[in-house]
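Novice: Got a predicted structure here, sequence first:
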Amino acid sequence: EAGVTQFPSHSVIEKGQTVTLRCDPISGHDNLYWYRRVMGKEIKFLLHFVKESKQDESGMPNNRFLAERTGGTYSTLKVQPAELEDSGVYFCASSQDWGDEQFFGPGTRLTVL
Amino acid sequence: AQSVTQPDIHITVSEGASLELRCNYSYGATPYLFWYVQSPGQGLQLLLKYFSGDTLVQGIKGFEAEFKRSQSSFNLRKPSVHWSDAAEYFCAVGGGGYQKVTFGTGTKLQVIP
């Protein structure tokens, strides 16, 4: 069974540009989560989808970040416009039910110059 | 608010030597505690967890951790390290199982021959 996949693995953009990260959860997992790790800091929760609905978006840093999960399958996280402090590794995770173990993808490393 | 401290950013051990990675947490009630590992190019993988019961928890890959409430610690141990254990290790604490988990800043483990 395929695990959580994320695309791209790396992205380098300039300040002010737009970037879209994609996450494909494990098939059948209704719950999808986004996390971010800024360089040298802890991994922080961004938001949680249950199917296509946002269950908890308390960790989203500001309105430059937009997450979607149309159709309840894959999810995208758009950063527009990107700022220097957005650099870091963005992880996606999925779980079958709320409260189940979350399975993580390899992350997307975003560098904003 | 819950928090996790991993005081060691980087640790180097010789192959075959024992390992202990430190983790201290702050949480107002009985915590749910986790250790995750991230190998290069891989997602976070759950090594072990403590929810209740026996305070010495066995995990995958020969790892164990001990919950010490009096010290607010959940240190990870392995009696004999293998080169394949080189990775980054994250301690995490939560109040509701796998939900609302707070991660530490991680400890990078280097294994030398």
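Specialist: Okay, I see it.

Novice: show me where pLDDT drops low in chain B?
Specialist: For chain B, the stretches flagged by pLDDT under 70 are B:96-98.

Novice: Residues of it that sit close to chain A?
Specialist: Contact residues (C-beta under 8 Å from any C-beta of the partner chain) of chain B with chain A: B:4, B:9, B:36, B:41-46, B:90, B:96-106. From N, CA and C alone the C-beta is placed, and that goes for glycine too.

Novice: how many other residues sit next to A:Thr5?
Specialist: 16 (other C-beta atoms under 10 Å in any protein chain shown).

Novice: packing partners for the helix or strand hosting B:Tyr25?
Specialist: In the assignment (DSSP states H and E), B:Tyr25 maps to strand B:24-26. Secondary-structure packing of strand B:24-26 (3 or more C-beta pairs under 8 Å, 6 or more residues apart in numbering or on different chains; DSSP states H and E): strand B:3-5, strand B:73-78, strand B:87-94.

Novice: contact partners of that strand?
Specialist: Residues outside strand B:24-26 that contact it (C-beta atoms under 8 Å, 6 or more residues apart in numbering or on different chains) are B:1-5, B:7, B:31, B:33, B:71-74, B:91, B:93.

Novice: Show me which of those residues is closest to B:Phe51.
Specialist: B:Leu33 (8.2 Å; C-beta to C-beta).

Novice: if we can go back for a sec, please work out which of the helices and strands packed on strand B:24-26 is packed deepest.
Specialist: strand B:87-94 (a mean of 23; mean count of other C-beta atoms under 10 Å in any protein chain shown).

Novice: Spit out the contact partners of residue 77.
Specialist: No chain specified, so I'll use chain A. Residues near A:Leu77 by C-beta under 8 Å, 6+ apart: A:20-21, A:23, A:34, A:46, A:65-67, A:90.

Novice: my bad, the chain I had in mind was chain B
Specialist: By C-beta under 8 Å, 6+ apart, the neighbours of B:Arg77 are B:18-21, B:63-66.
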